[in-house]
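**Q** turn this into a structure:
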Amino acid sequence: MKKVAIIDYGMGNIDSVGRAIEECGGQPILTDQLKDIAAATHLILPGVGSFCDGITNIKERHLDEILHEQVFQHQIPFLGICLGMQLLAEVGKEGDTTTGLGWIEGEVCRLEATVEDTRIPHIGWNEVLITRESPLFSHIPSGQDFYFVHSYHLRCRNVDNILAYTPYCGQFVSALNRDWIFGTQFHPEKSQKAGFQVLKNFLAL
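**A** Predicted structure coming up:
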């Protein structure tokens, strides 16, 4: 059974991610302990809230160091969800400009409405248009709906990192990838059958 460290840095409901991983056949460990992270076969960084608070909490707990070591030295599969995906960027522009983990070239910016009746934050179900093949989306058709809750998005500078777009506020990156690093702007744990398939695919890496 895959041991999945779900990183607890004080942002968002990690319990729902843990329950989803358990239902998908993994062994979830909700933790901020370095030894648990070092022993995991898979890593998930969830989160809801502000970029600045998120990266501050991660660095205060020295989680950035152990995550970097496990992902880049030991090639442990990693999934960032919602804020957890955004924190992979070089910088976040939510209020003041804040330095992120820097794993993905790009910046996190506020969604901008393209028509008057567009609502921000973006809350609810929307389609995910897959741009290239990836094991994360195995058995999932392009155009499948997933559940979103966010006001900001990660603008990738390297198009090779983009896995999928969502056509809202023009369009934004809703999934990304760099080697064994993955990110979803949507919440797979709240996206029913399709979301659980994403998590199963991640556990299969």
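**Q** make it CA atoms for all contacts and neighbour counts henceforth
**A** Fine.
**Q** give me the helices and strands touching the longest strand along the chain, please.
**A** Assignment by DSSP state E gives strand 122-130 as the longest strand of the chain. Contacts defined by 3 or more CA pairs under 8 Å, 6 or more residues apart in numbering; DSSP states H and E place strand 122-130 against strand 144-150, strand 162-166.
**Q** strands paired with it, and their directions?
**A** Sheet pairing of strand 122-130 (DSSP bridges) gives strand 144-150 (antiparallel), strand 162-166 (antiparallel).
**Q** buried stuff in the lowest-mean-pLDDT helix or strand in the chain?
**A** Sorting the helices and strands of the chain by mean pLDDT, DSSP states H and E puts strand 96-99 at the bottom, at a mean of 93. Across strand 96-99, burial judged by 16 or more other CA atoms under 10 Å covers T98, T99.
**Q** how far is that strand from where the chain is centred?
**A** Distance, stretch centre to chain centre, for strand 96-99: 19 Å (CA atoms, centre = their mean, to the nearest Å).
**Q** what separation do you get for I29 and R19?
**A** Distance, I29 to R19, by CA to CA, to the nearest Å: 10 Å.
**Q** and the residue lying closest to Q171 once chain neighbours are set aside, what's its pLDDT?
**A** Once flanking residues are discounted, Q171 sits nearest to Y165: 6.4 Å by CA to CA, 6 or more residues apart in numbering. Y165 is assigned a predicted lDDT (pLDDT) of 98.
**Q** and for T118?
**A** At T118, the model reports a pLDDT of 89.
**Q** surely it meets G170?
**A** No. Look at T118 against G170 with CA atoms under 8 Å: they stay out of range, at 10.2 Å.
**Q** quick one: furthest residue from the center of the protein?
**A** E116 (28.6 Å; CA atoms, centre = their mean).
**Q** A strand includes it, no?
**A** No. E116 is assigned coil when assessed by DSSP: H, G, I helix; E, B strand; the rest coil, not a strand.
**Q** quick one: it and C169, what's the gap?
**A** 10 Å.
**Q** other residues contacting the least confident helix or strand of the chain?
**A** F51, C52, I55, E90, V91, G92 (CA atoms under 8 Å, 6 or more residues apart in numbering).
**Q** repeat that with 10 Å
**A** Strand 96-99 is contacted from outside by 51-53, 55-56, 87-93, 107-109, using CA atoms under 10 Å, 6 or more residues apart in numbering.
**Q** state the pair within these that is farthest apart.
**A** Using CA to CA, the contacts of strand 96-99 span at most 17.9 Å, a distance reached by T56 and C109.
**Q** helix or strand: which one has A194?
**A** Assessed by DSSP states H and E, A194 sits inside helix 192-203.
**Q** just checking, what packs against that helix?
**A** Secondary-structure packing of helix 192-203 (3 or more CA pairs under 10 Å, 6 or more residues apart in numbering; DSSP states H and E): helix 14-23, strand 42-45, strand 78-81, strand 144-150.
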